[in-house]
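Enquirer: 3D model of this:
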Amino acid sequence: MAAHGYRVVAPDLRGFGDTTGAPKGDFTKFTTLHVVGDLVELLNIIAPDQKVFLVGHDWGAMIAWAMCLYRPDKIKALVNMSVPFFPRNPIIRPIVALRAIYGDEYYIIRFQEPGEIEEEFAQIGTKTVLEKMLTIRDPEPLKLPKGKPFDDSPVILPPWLTEKDVDYYATKYEHTGFTGGLNYYRALDLNWELTAPWTGAKIEVPVKFIVGDLDLTYNSAGVKFYINNGG
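Expert: Okay, the predicted model is just below:
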């Protein structure tokens, strides 16, 4: 991108990488409103009075959708990957819906109890957890059974992921822990409460959306139909 004349900025979101200051023990400080606020403040410093092209993937995609809802004045266009835009369901909370569809072993449900999955991940080891999570190619819903979230099958890294990459990520997560990232999942219901004013709101900026055939989100219940029918 830089070679084509664009200035590229890839910030760590709060709770990840080299960020500091966010109270990881309080998941209520990890709502989409908080994270979008961080990004808006960053843009006010590095690109004041400018609109930007925004790119997101996975949780970054969810934050990007939120930013387009809350502050479309900052966005020229959006490229998002993996997670489509899901309008707010005014009837049911996200965690209630996910538990009803997938059960208590579904990864998002397992991430809800503070400290529980962190303890299991600590016993497994940071690098092994990352290797397992980054090499999932089964499109079935991701289940993490309590006490043994991963099977014992050997990890085979794909061509796009090197041992050096995994070591780098492991070093970062060994420093920060997983709680910061898990807090995004723990704030899902709170996001639902706080975004009531955006019920029925649409994304008004230009969007290009990209998703893989084996993507976990794409293969979630109803999502493939939703995307392919103009969702």
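
Enquirer: please enumerate the helices of this protein.
Expert: For the chain, applying DSSP state H gives helices covering 32-46, 59-70, 94-102, 107-110, 116-124, 126-134, 163-176, 179-186, 188-194, 223-228.

Enquirer: state the mean pLDDT of the third one.
Expert: What it means is helix 94-102. Confidence for helix 94-102, expressed as mean pLDDT, is 98.

Enquirer: buried set for that helix?
Expert: Using 16 or more other CB atoms under 10 Å as the test for burial, helix 94-102 gives Pro94, Ile95, Leu98, Tyr102. C-beta: built from backbone N, CA, C; applies to glycine.

Enquirer: ok, stretch 221-231 next?
Expert: For stretch 221-231, a neighbour-count test (16+ other CB under 10 Å) marks Val223, Lys224 as buried.

Enquirer: could you export it as CSV, CA atoms only?
Expert: In CSV, the C-alpha atoms belonging to stretch 221-231 read as follows (Å, rounded to 0.1, in the frame of the first residue of the first chain):
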residue,chain,number,x,y,z
ALA,A,221,-25.6,-20.6,11.3
GLY,A,222,-27.4,-18.5,8.7
VAL,A,223,-24.4,-16.3,7.9
LYS,A,224,-23.7,-17.8,4.4
PHE,A,225,-27.3,-17.2,3.4
TYR,A,226,-27.2,-13.7,4.9
ILE,A,227,-24.1,-12.7,3.0
ASN,A,228,-25.0,-14.2,-0.3
ASN,A,229,-28.4,-12.6,-0.3
GLY,A,230,-27.2,-9.1,0.2
GLY,A,231,-26.9,-8.9,4.0
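
Enquirer: list the contacts of it.
Expert: The contact list for stretch 221-231 (CB atoms under 8 Å, 6 or more residues apart in numbering) reads Pro84, Phe85, Ile101, Tyr102, Pro141, Phe209, Val211, Thr217, Tyr218.
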